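Chemist: sequence? don't have it. structure:
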């Protein structure tokens, strides 16, 4: 690795010996960085694990995958072609690690594109991990958590969690294996990668992320109706697998397809329909048009508060075997480092409060508010929506008392907040300043109460027989169906207990509508370019459950017709609120389990 420290070999076994084994890594030194040596794996057929103490070392790739992926392939008649698989002690509940899949990942890590991207204007080579169309860059080492973390050591696991964000941020490239580590899946096979908690960080932290997938055809370029064009599809093992840019495949999955264009005339093409610009390949490897893809795409392509909102949206629709990992998996994306040893594995509530406190202390905003306005507020921290049930596999589900569980992502709002890229269409800097005023900043106490100052209006419920149109002169309906009258002129302080108020959250724009149904990637218009960024306005409805203590009841989501609400809220008064509860949270004791 670096001249300051040579990598120390801590484990070595031939691949023939590894096959069918459960590897025991319990005797290695905890709290160390470990990597698989790809050169030893490919050239010498040895699984060699090395240990270092500094991430600032020779280039390494990091693998992103799901703990329980797509089922292994059917038994082959020719068993000689299958190198077998192995497990790791302490992680037997996860999928077996295919030696063939790990070999493909190692080959990808050792490959590099022959041509470096060059900044023609300045005449210098671009950063190998930051140019718009990333290709494979050579890295001798590879990181796979199943092998590189001591699965039997809570001490090592907790330490590794604190290193995770930096590890993915500093990797030469992240190799995404959407179907897991039992086999590589083709582009048209759906996986659960988008539904897992840790894969969010693994997509957002690296400078370069590429999906590794089964591919029998030649190299080429891919495009999609979302605006990505000329994206490199690079062969890793001929007639077996290839890589391409993760971001382009996310958009392709949102659209349901991509267009493949061969770079060598005469080479075989996929057995699919030919379109105007190439071969139309169905794509659902990262999910089949799920809203999770839309929120991830928003996080990938946004900055500041809009990116943070995209992170909260993305994690709401994901799940993990340990509830607390729903927080640990995103803390680094907010520049926060919590101590995992201070939380029980089931204490998602306590970890969420700690993360929110840290974000607000750094001057960040409460960008999680209003991300799922149709979901019930979480009773212990009501500025958050209810937490979905977590699990080692499957999707994030919201439990209902009398109905069947519903997929959490179905309750997510399909919009984004404060779209600065649309500033020119808004027409003035006043709109930008107005949105900044609507950002909620403040502080949160240990009970989850968010204290902040913000513009608000008193509201009163309207009887059923006196209902008015939603946007008629100060009347509006919440997402739970109740109609309310806005009393702008009434001082909230003058209202007797319990007070009820509506707090302006800002203007929103929907992320995506249906894309065109042909391969019109050469079109000048991109998906969603005709949206009006001021078409939606949101308010948070709160009520008092104790003197000066409020909780979220519901939300208003309305079309801001003729900027009626924008003009109306401009002169609202500012008030200080403390919003949390109303249920007093239960403090979880830290357990000694893994």
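Modeler: The structure has been received and is ready for your questions. Treat the numbers as computed from the prediction; the structure is a model and nothing was measured. Numbering: from 1, shown residues only.
Chemist: contacts, neighbours, all on C-alpha from now
Modeler: Fine.
Chemist: stretch 326-344: end-to-end distance?
Modeler: The first residue of stretch 326-344 is 13 Å away from its last residue (CA to CA, to the nearest Å).
Chemist: for that stretch, which outside residues touch it?
Modeler: With contact meaning CA atoms under 8 Å, 6 or more residues apart in numbering, stretch 326-344 is reached by 158-159, 161-162, 165-166, 197-198, 200-201, 204-205, 308, 311, 315, 318-320, 324, 348, 350-352, 354-355, 358-359, 588-591.
Chemist: mean confidence score for it?
Modeler: Mean per-residue pLDDT for stretch 326-344: 97.
Chemist: stretch 99-113 now?
Modeler: Stretch 99-113 shows a mean pLDDT of 94.
Chemist: just the buried residues of it, please?
Modeler: Under the neighbour-count criterion of 16 or more other CA atoms under 10 Å, stretch 99-113 has 99-112 buried.
Chemist: and for stretch 342-351?
Modeler: For stretch 342-351, by 16+ other CA under 10 Å, it's 343, 344, 345, 346, 347, 348, 349, 350, 351.
Chemist: any weak-confidence spans in the stretch 101-250 of the chain?
Modeler: Within the stretch 101-250 of the chain, the stretches with pLDDT under 70 are 113-134.
Chemist: for it, just list every one of the helices.
Modeler: 145-148, 154-170, 198-204, 246-255 (DSSP state H, counting those that start in this stretch).
Chemist: and the chain, by the same measure?
Modeler: Remark: helices assigned in the chain by DSSP state H are 15-18, 38-43, 99-110, 145-148, 154-170, 198-204, 246-255, 291-300, 304-316, 325-331, 348-361, 423-426, 429-438, 564-569.
Chemist: now the ones you listed in CSV, with distance to residue 375?
Modeler: Converted to CSV, the helices of the chain look like this (distance: least, CA to CA, whole Å):
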stretch, distance to residue 375
helix 15-18, 48
helix 38-43, 46
helix 99-110, 40
helix 145-148, 34
helix 154-170, 30
helix 198-204, 22
helix 246-255, 23
helix 291-300, 15
helix 304-316, 11
helix 325-331, 18
helix 348-361, 17
helix 423-426, 30
helix 429-438, 22
helix 564-569, 24
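Chemist: residue 139 is nearest to which of the ones you listed?
Modeler: Each of the helices of the chain has some distance to residue 139 by CA to CA; the shortest is helix 99-110, at 5.2 Å.
Chemist: the spatially closest residue to residue 312 that is not a sequence neighbour: what's it in contact with?
Modeler: Counting by CA to CA, 6 or more residues apart in numbering, the nearest residue to residue 312 once its immediate chain neighbours are dropped is residue 368, at 5.8 Å. When the contact criterion is CA under 8 Å, 6+ apart, the partners of residue 368 are 309, 312, 313, 383, 384.
Chemist: mind listing what residue 397 touches?
Modeler: By CA under 8 Å, 6+ apart, the residues touching residue 397 are 388, 389, 390, 405, 406, 407, 408.
Chemist: could you find the closest non-adjacent residue to it?
Modeler: Leaving aside its sequence neighbours, residue 397 sits nearest to residue 407 (CA to CA, 6+ apart; 4.5 Å).
Chemist: these two touch, right, the one you found and residue 390?
Modeler: No: contact between residue 407 and residue 390 fails when scored by CA atoms under 8 Å: they sit 11.6 Å apart.
Chemist: the two: which is more packed in?
Modeler: residue 390 (23 against 17; other CA atoms under 10 Å).
Chemist: what pLDDT does the closest residue to that one other than its chain neighbours get?
Modeler: Excluding its sequence neighbours, the residue lying closest to residue 390 (CA to CA, 6+ apart) is residue 319, at 4.9 Å. On pLDDT, residue 319 comes in at 95.
Chemist: picking that back up, got the buried residues of stretch 342-351 as CSV, with distance to residue 278 columns?
Modeler: Converted to CSV, the buried residues of stretch 342-351 look like this (distance: CA to CA, whole Å):
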residue, distance to residue 278
343, 52
344, 52
345, 49
346, 49
347, 50
348, 47
349, 49
350, 52
351, 49
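Chemist: and which of the residues you listed is nearest to residue 184?
Modeler: residue 345 (31.1 Å).
Chemist: my read is that the closest one contacts residue 351, right?
Modeler: No: here residue 345 lies out of contact with residue 351, judged by CA under 8 Å, at a distance of 9.6 Å.
Chemist: what's the overlap in contacts for those two?
Modeler: Common neighbours of residue 345 and residue 351, using CA under 8 Å, 6+ apart, are residue 324.
Chemist: compute the distance between residue 83 and residue 457, please.
Modeler: Taken as CA to CA, the span from residue 83 to residue 457 is 67 Å.
Chemist: do the same with residue 335
Modeler: Look at residue 335 and residue 457: by CA to CA, they are 34 Å apart.
Chemist: between those two, who's got more neighbours?
Modeler: residue 457 (24 against 12).
Chemist: which residues touch that one?
Modeler: Counting by CA under 8 Å, 6+ apart, residue 457 has contacts 486, 487, 488, 490, 492, 501, 502, 503, 572, 573.
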